[in-house]
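J.: A structural model of the following input is requested.
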Amino acid sequence: MSTEVNCEKELMKHQRKMLGILCGLLAPLAILFGMFGDNPSEWWYSISATYYCNSKILMVGLLFTTFVYFVSYRGYDFLDNILTTISGVASLGVIAFPTKTSFISDDSLVGLFYLPVEISNIVHCVSASILFVSFAIMILFQFTQSDGEMSSSKKKRNILYKVCGITIIAFMAFQIITVVYSDIFPKWWTMINEATMLTAFAVAWLCKAECISKLND
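T.: Down below sits the predicted model:
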């Protein structure tokens, strides 16, 4: 029985590590491989915009992998399962309903359901917002839980989790500011905001996967 439990724990750690790596690499890989294609001039302004460029397979593939992981994830409690399921459904919404960009005409039909781009964009933005909010809640309130007295390493991990969760919230707020004051901030700030939030998410999950040896018990 102990062998089965250990195997299950090792499998979960491996899955967490892969999720952290994949999400952390999403932005840089989408930009890197997009450089080799003949894409619209603003394709790199956001991760969502890469849906319309040659590196689309990375954006769709990695987010679909996130969807599969989260909907099949077995959490520690009911709230954990609810949050991961919400994250999974939201990540699927991001890729099934593409965003609107300056190089897509207003009468275009896009996405899995071939919807008008205006409608698709609304669902996309709502899904992306839900996704990042669920990430932040998961990291801030689930990852920081403890069964008993916390070790010094656990306390340090919790500090890291809080920094990552607050970073996601802060850059979500900053994204709203960059959209409202678009005459001040260039459109490519969206890519920076998204990449930062995904990096914070990746760091938290890599820590949860015990990849940061100095923080392990």
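
J.: And the strands in the chain, which stretches?
T.: 109-110, 115-116 (DSSP state E).

J.: Throw the ones you listed into a markdown table and include mean neighbour count and distance to Pro186, thanks.
T.: In this view, the C-beta of every residue, glycine as well, is placed from N, C-alpha and C. Compiled in a markdown table, the strands of the chain are given as follows (neighbours: other CB atoms under 10 Å; distance: least, CB to CB, whole Å):
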| stretch | mean neighbour count | distance to Pro186 |
| --- | --- | --- |
| strand 109-110 | 16 | 24 |
| strand 115-116 | 16 | 27 |
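
J.: Redo these as JSON lines? Include mean pLDDT.
T.: Shown next, in JSON lines, are those (pLDDT from 0 to 100):
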{"stretch": "strand 109-110", "mean pLDDT": "96"}
{"stretch": "strand 115-116", "mean pLDDT": "97"}
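
J.: nearest to Glu194, of these?
T.: strand 109-110 (19.4 Å; CB to CB).

J.: Give the other helices and strands that that closest one contacts.
T.: helix 117-137 (3 or more CB pairs under 8 Å, 6 or more residues apart in numbering; DSSP states H and E).

J.: right, and the strands of the chain - which one's nearest Ala170?
T.: Of the strands of the chain, nearest to Ala170 by CB to CB is strand 109-110, at 30.7 Å.

J.: Now find how far off-centre the closest one is within its chain.
T.: Centroid separation between strand 109-110 and its chain, computed with CA atoms, centre = their mean, to the nearest Å, is 24 Å.

J.: List the pairing partners of it within its sheet, with orientation.
T.: As defined by DSSP bridges, the strand partners of strand 109-110 come to strand 115-116 (antiparallel).

J.: Quick one: end-to-end length of stretch 137-146, please.
T.: 16 Å (CA to CA, to the nearest Å).

J.: Report the mean confidence score over that stretch.
T.: On average, the pLDDT along stretch 137-146 is 94.

J.: Redo the strands of the chain as JSON lines? Include distance to Val203.
T.: What follows is the strands of the chain, written out as JSON lines (distance: least, CB to CB, whole Å):
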{"stretch": "strand 109-110", "distance to Val203": "33"}
{"stretch": "strand 115-116", "distance to Val203": "35"}
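
J.: List the contacts of Ser153.
T.: By CB atoms under 8 Å, 6 or more residues apart in numbering, the contact list for Ser153 reads Leu215, Asn216, Asp217.

J.: Low-confidence bits of this structure, can you list those?
T.: 1-2, 4-5 (pLDDT under 70).

J.: Show me what the longest helix anywhere in the chain is packed against.
T.: Identified as the longest helix of the chain according to DSSP state H is helix 2-34. Applying 3+ CB pairs under 8 Å, 6+ apart, one finds that helix 2-34 contacts helix 56-71, helix 189-208.

J.: In JSON lines: these, plus mean neighbour count and distance to Gly88.
T.: Shown next, in JSON lines, are the helices and strands packed on helix 2-34 (neighbours: other CB under 10 Å; distance: least, CB to CB, whole Å):
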{"stretch": "helix 56-71", "mean neighbour count": "18", "distance to Gly88": "3"}
{"stretch": "helix 189-208", "mean neighbour count": "22", "distance to Gly88": "14"}
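
J.: Okay then, goodbye and thanks.
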